[in-house]
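A.B. asks: Need coordinates for the following:
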Amino acid sequence: MAHSADRGVAPLTGRRILILVTGGIAAYKIPTLIRLLKQDGADVRVVTTAAARQFVTVKTLETLSGHPTYSFLFEPTDEFPVLHLGLAEWADVNVIAPATANVIAKIAHGLADDLVSTLMLATRAHTVVVPAMEEGMLDNPRVKANIDRLQGPGLDWVDTEEG
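C.D. replies: Numbering: from 1, shown residues only. Coordinates of the predicted model:
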């Protein structure tokens, strides 16, 4: 059977990917990720933490994704009656990139104090976590314990070559 790319169909055509951007310097790479996913046919939406907006602009994310970028739990939207539930249902796959120590800890302990962490409690979609932080933080025993706590079905991890 021919691969979808062999037939001229992008491999991610029709896939709904929700990118959850947190406040690490690696957030500057997210526009490139969005562009690549869109080139492969994915429908991409973006949610940012308040800290993420210090590293990449909402306007850039909206322009590249073609959708509004959401940042706040109670942000008004005509599309989703309850924002975090609507986005959680919309996504086929979540990508948390960069995943900071803060968001990893929130998810590991079931905290829900912003849109990203609340979405992670509401979602049933598969999630890819891309940790990105300074090496000392990544090697911290508490961070390692939080990562270990999250190992299991439904979450895939992208190992970092550097912090």
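
A.B. asks: all helices for this protein, in order.
C.D. replies: With DSSP state H as the criterion, the chain has helices at 30-39, 58-65, 83-90, 101-108, 115-122, 135-138, 141-150.

A.B. asks: which of the ones you listed has the lowest average pLDDT?
C.D. replies: Ranked by mean pLDDT, the helices of the chain bottom out at helix 135-138, with a mean of 92.

A.B. asks: in that helix, what's buried?
C.D. replies: Within helix 135-138, the residues that qualify as buried are 137-138, counting by 16 or more other Cβ atoms under 10 Å. Any C-beta I mention is one placed from the backbone N, CA and C, and that applies to glycine too.

A.B. asks: Tell me the gap between that helix and the middle of its chain.
C.D. replies: 21 Å (Cα atoms, centre = their mean, to the nearest Å).

A.B. asks: which strands and helices sit next to it?
C.D. replies: Packed against helix 135-138 by the contact rule (3 or more Cβ pairs under 8 Å, 6 or more residues apart in numbering; DSSP states H and E) you find no helix or strand.

A.B. asks: returning to what we had before: could the helices of the chain go into TSV alongside distance to D159?
C.D. replies: Putting these into TSV (distance: least, Cβ to Cβ, whole Å) gives the following:
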stretch	distance to D159
helix 30-39	17
helix 58-65	25
helix 83-90	26
helix 101-108	14
helix 115-122	20
helix 135-138	10
helix 141-150	11
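
A.B. asks: check contacts around A108.
C.D. replies: A108 makes contact with 146-147, 149-150 under the criterion Cβ atoms under 8 Å, 6 or more residues apart in numbering.

A.B. asks: Specify which member of these is nearest to V130.
C.D. replies: Among the contacts of A108, I147 lies closest to V130 (Cβ to Cβ), at 12.0 Å.
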